[in-house]
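Undergrad: here are the coordinates; sequence isn't available:
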């Protein structure tokens, strides 16, 4: 591809922002000019891109003038604030936040899952919650061999999902714990060192937290199954990077064989089966970190239900479900000349 | 109680062994003479009990002569090896290992769950797997208001379940990781610092590991429901102490109301409901560590099934499911004059 686009990253200094720069370099993304945007607090910092030092600018509405493509990764509030300016300047936005995901006229896309539903009219494309994206990377291929009737998920979510400050807090608290020093708590609501807790988002009237509710709603939208039965429990664990998920999938009728499940996952783009029973080697966040592929294993028939299977998944949430999915979406849009078609599988 | 018993601990120097000494002191357990037994490698170490230094002895068959009550906590192989000697010396054994749990003539007991099934003829009583014991502390009370039809569990298991050496390995690896030093791996099959992995036990032909298979079989035995449908995924997380479990329970017919579930748990011995939605405070391993009670929360109707509820549990596995359950069993046996009856609720 020619390096012909003016690209902006809103939230450049965050954990996901930094992954964008690495991915643009690694994938030879067609950037002619890169504009790094962040809050006024982070303005003036420099970041290295293709050997050059780029200065981070404070975001303002005029910053989107002349920008072809912007990646928004600075939270829902900033996305809502700056989408009108981007739209005014005819800038296509790929939004990592939850701001527009459930809007009926905004496509919510993981290319491998529902890329074929994207059309050329889309100027704002939402990138799903990382837990939902990682889950659907493993589940979506199964639709080729059977129909789900219910999904039950318990997550093991890393600090990276809460941003760079949470990752640092986990490191700092852990060091203080090991050194016998008092633990400082700034970002997370509970001690994070050698601890785990229910996801740090508010609980709704049904007893589910925001993260769980997002996963449920976004999976239904992306799979185009508005009545999908899905139960999610989101737990934050003291892992720096990569989310894991323990998943039971129930089908309409007898579950497909594990051989068929393994076969369909093995031939799916963006998925790697790690299911070595002899050596007790299954998906782990350390193995998934920095990997484009979502790892899937512990594949087995559910002993409690002949219509169900169970599996365990690990995926780098800074990549799949954040920076990598966003760059995939951009490449998808660029490659198709703004016309959606399947280019990944 | 009079301090009138000669008591032995086999495996005194291990993580669970150390808890026994603390519990004997805290609960004024009726020990007249305490004999600390371990492998020849640990013999000669001293441990403090009621202000006195006691020397650890190398275990041998003669060590059980004159012993009224022995706690076995040195693994299944040692339990199988020394039970005949204990039996010969008319010593009652409470066994923490998996050696005899599934033997038809050996009672497998958590006092609060199935203590009423214990009879005076029992000279060998098995203490269940800690994951099973913690799970049943939360599930067993629900039988008062409804009948389960299926249980789905994903665990978050701490280093303590693999013993003191695993706890030290987690500390050491984490310090090395934070200091940028190479990581040493001795006890666990995978890097443990800031990582998680499928439980480190062999996988059977059905794709389940030994730990999962134990939980399934032991829950069926303790609940006296040999056909109970139960699916378990056991995951080791980088937590030092206390296991957590994400649980979905399906019932025959509509699930009981969350109010009724909360009420029955609130009035159950050994359980504490921690379910503060407003402050996002639910069971956490740090809160459960060192606590006799199993913490239960995130109580909610399962949105994917009107016949199911979900919950999250944390329990100190060195206590509940290990040392505390064993001491409870001993107190139970002592208090009843070797005749089983309910004394806990």
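TA: Nice, thanks for sending it over. As the structure is a computational prediction, the values presented were derived from the model and not from experiment.

Undergrad: how about the closest residue to chain B within the stretch 51-200 of chain A, secondary structure?
TA: Nearest residue of the stretch 51-200 of chain A to chain B, counting by CB to the nearest CB: residue A:154, 3.8 Å away. (Glycine included, C-beta is placed from N, CA and C.) Judged by DSSP: H, G, I helix; E, B strand; the rest coil, the three-state class of residue A:154 is strand.

Undergrad: run through the bridge partners of it.
TA: residue A:233, residue A:246 (DSSP bridges).

Undergrad: wait, it touches residue A:233, no?
TA: Yes. Between residue A:154 and residue A:233 there is a contact under CB atoms under 8 Å: 4.6 Å.

Undergrad: between those two, what contacts are shared?
TA: Common contact partners of residue A:154 and residue A:233 (CB atoms under 8 Å, 6 or more residues apart in numbering or on different chains): B:154, B:246.

Undergrad: quick check: phi and psi at residue A:329.
TA: phi -60, psi -40 (degrees, to the nearest 10).

Undergrad: ok, back up a step: ok, now which ones touch the residue of the stretch 51-200 of chain A closest to chain B?
TA: Contacts of residue A:154 by CB under 8 Å, 6+ apart are A:232-233, A:235, A:245-246, B:154, B:233, B:246.

Undergrad: which pair of those residues spans the longest distance?
TA: A:232 and B:233 (14.8 Å; CB to CB).

Undergrad: over to residue A:191. Which of the three states is it?
TA: coil.

Undergrad: that one: what's it in contact with?
TA: Residue A:191 neighbours (CB under 8 Å, 6+ apart): A:173, A:183, A:185, B:286.

Undergrad: considering those, which is situated nearest to residue A:271?
TA: Closest approach to residue A:271 among these (CB to CB): residue A:173, at 33.7 Å.

Undergrad: and what about the closest one, helix, strand or coil?
TA: Residue A:173 ends up helix, using three-state DSSP.

Undergrad: that one against residue A:193, yeah?
TA: Yes. Residue A:173 is within contact range of residue A:193, at 3.8 Å (criterion: CB under 8 Å).

Undergrad: between those two, which contacts overlap?
TA: Common neighbours of residue A:173 and residue A:193, counting by CB under 8 Å, 6+ apart, are residue A:183.

Undergrad: isn't residue A:316 right next to residue A:287, touching?
TA: No. Using CB under 8 Å, residue A:316 makes no contact with residue A:287, being 9.8 Å away.

Undergrad: which of those two has more neighbours?
TA: Neighbour comparison, residue A:316 and residue A:287: the larger count goes to residue A:316, with 28 against 20 (by other CB atoms under 10 Å in any protein chain shown).

Undergrad: in which helix or strand would I find the spatially closest residue to residue A:296 that is not a sequence neighbour?
TA: Excluding its sequence neighbours, the residue lying closest to residue A:296 (CB to CB, 6 or more residues apart in numbering or on different chains) is residue A:138, at 4.7 Å. For residue A:138, the element it lies in under DSSP states H and E is helix A:130-139.

Undergrad: mind giving me the packing neighbours of that helix?
TA: On a contact count with 3 or more CB pairs under 8 Å, 6 or more residues apart in numbering or on different chains; DSSP states H and E, helix A:130-139 meets helix A:111-114, strand A:148-156, helix A:210-223, strand A:243-251, strand A:294-301, strand A:308-315.

Undergrad: lowest average confidence across those, which one?
TA: Least confidently modelled of these is helix A:111-114, at a mean of 94 by mean pLDDT.
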